[in-house]
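[1] Prediction below, plus the sequence it came from.
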Amino acid sequence: MVAVANEHGEFVGYIHRSDIDMPSSPKEYFAHVNARTLFKVTDADGNVVGYIAPDVPFIPRAQVEAPGFDLEKVRAARNGGCEDQIGDPKFQQEFPPCNDGSGGGD
């Protein structure tokens, strides 16, 4: 297990190391990760308290379970309206890629 902190550096829970370690093969990684992938963050008793995702810090469980939650909207808002390609290159992402000049991004 690995400790997880929120954007302010405050401890929020744990995640299994196997969830966040990239598999040895990109093909394996792409088969399991895309722009909608969320990894569970649990408390010491194993209760889900929130989630993390590629390029997105801790999100509380209540926010993820709220009607209309959209992980890609969260990521795009953090990146100025675009998304970095996450995982599977064949996965059709909701927002324009950050590296094609159509969104904000870096």
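    Perfect, thanks for sending it.
[2] just how off-centre is stretch 31-42 within its chain?
    Stretch 31-42 has its C-alpha centroid displaced from the chain centroid by 6 Å (C-alpha atoms, centre = their mean, to the nearest Å).
[3] and residue 22, what does it touch?
    Taking C-beta atoms under 8 Å, 6 or more residues apart in numbering as the contact definition, residue 22 lies against residue 29. Yep, even glycine has a C-beta here, placed from its N, CA and C like the rest.
[4] Relative to residue 30, how far out is it?
    Going from residue 22 to residue 30 by C-beta to C-beta, to the nearest Å gives 10 Å.
[5] Please apply the same query to residue 87.
    5 Å.
[6] What of residue 20?
    Distance from residue 20 to residue 30, by C-beta to C-beta: 16 Å.
[7] More neighbours: the two, which one.
    Between residue 20 and residue 30, counted using other C-beta atoms under 10 Å, residue 30 has the larger neighbour count: 16 against 12.
[8] where does that one sit relative to residue 59, distance-wise?
    23 Å.
[9] Show me the helices in this structure, by range?
    Along the chain, the segments classed as helices by DSSP state H run 17-20, 26-32, 61-65, 71-78.
[10] okay, the lowest-mean-pLDDT helix or strand in the chain in CSV with CA atoms only?
    In the chain, the helix or strand scored least confidently by mean pLDDT, DSSP states H and E is helix 26-32, which has a mean of 81. Extracted in CSV, the C-alpha atoms of helix 26-32 (Å, rounded to 0.1, in the frame of the first residue of the first chain):
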residue,chain,number,x,y,z
PRO,A,26,2.8,-0.5,-22.8
LYS,A,27,0.3,-2.9,-24.4
GLU,A,28,-0.6,-4.2,-20.9
TYR,A,29,-1.0,-0.6,-19.6
PHE,A,30,-3.1,0.5,-22.6
ALA,A,31,-5.4,-2.5,-22.1
HIS,A,32,-6.2,-1.4,-18.5
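[11] just for the protein, where's the confidence low?
    In the predicted model of the chain, residues 100-106 satisfy pLDDT under 70.
[12] Residue 1 is in contact with residue 16, correct?
    Yes. Residue 16 is within contact range of residue 1, at 6.3 Å (criterion: C-beta atoms under 8 Å).
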